[in-house]
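Peer 1: sequence first, predicted model second:
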Amino acid sequence: MEKNTVKQKLDEMKAKAEEKAKVAKEGVKEFVEWVKENPGYGIPLVLTGLGVAKGVFNTGRKAIDTGMELRKRDRQYYDPSLGMYLDLKKKLTKGQLIELDARRKKGESIIGILNDMNVLK
């Protein structure tokens, strides 16, 4: 009985998708006809559309790059004695950071502490 309801839902979703695709195709056809009827507006509209698309693309790309940078920063730790970033398997927990700080104050090397914690890649 459960398989039938899943199949029915899938069929409904496919029907909705086909309907939306048909509406989109009709909209594109209407737009193309309008551009053919009004050729003076075509070039400015295309240029404006390209400008808007470029702005949306750049904004999205910056957001994605920022998110990736933040995730990368969480998975790296800087060791000033080596002068380089150490890659981590995962983000350090608060407990691990406290332990790292305490052991570092005792004079242990950062790379040795992280290696003991098994968090280095």
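Peer 2: That came in fine, so what should we check first? All figures in this text were calculated on a predicted structure; none of them were measured in a lab. Numbers count the residues shown, from 1 in each chain.
Peer 1: can you name the next helix or strand after the helix or strand bottoming out on mean pLDDT in the chain?
Peer 2: Across the helices and strands of the chain, mean confidence by mean pLDDT, DSSP states H and E is lowest for helix 39-74: a mean of 80. Per DSSP states H and E, the first helix or strand lying C-terminal to helix 39-74 is strand 76-79.
Peer 1: show me what secondary structure element comes after that following strand.
Peer 2: Using DSSP H and E, the first helix or strand after strand 76-79 is strand 84-87.
Peer 1: phi, psi of residue 115?
Peer 2: phi -70, psi -40 (degrees, to the nearest 10).
Peer 1: any idea how far residue 88 is from the most centrally placed residue in the chain?
Peer 2: Geometric centre of the chain, nearest residue: residue 64, 4.6 Å, by C-alpha atoms, centre = their mean. For residue 64, the distance to residue 88 (C-beta to C-beta, to the nearest Å) stands at 22 Å. Heads up, the C-betas are built off the backbone N, CA and C, glycines and all.
Peer 1: which residues of this structure score low on pLDDT?
Peer 2: 1-3 (pLDDT under 70).
Peer 1: care to break it down by domain?
Peer 2: Using automatic domain parsing, the domains assigned to the chain come out as 2-72, 77-116.
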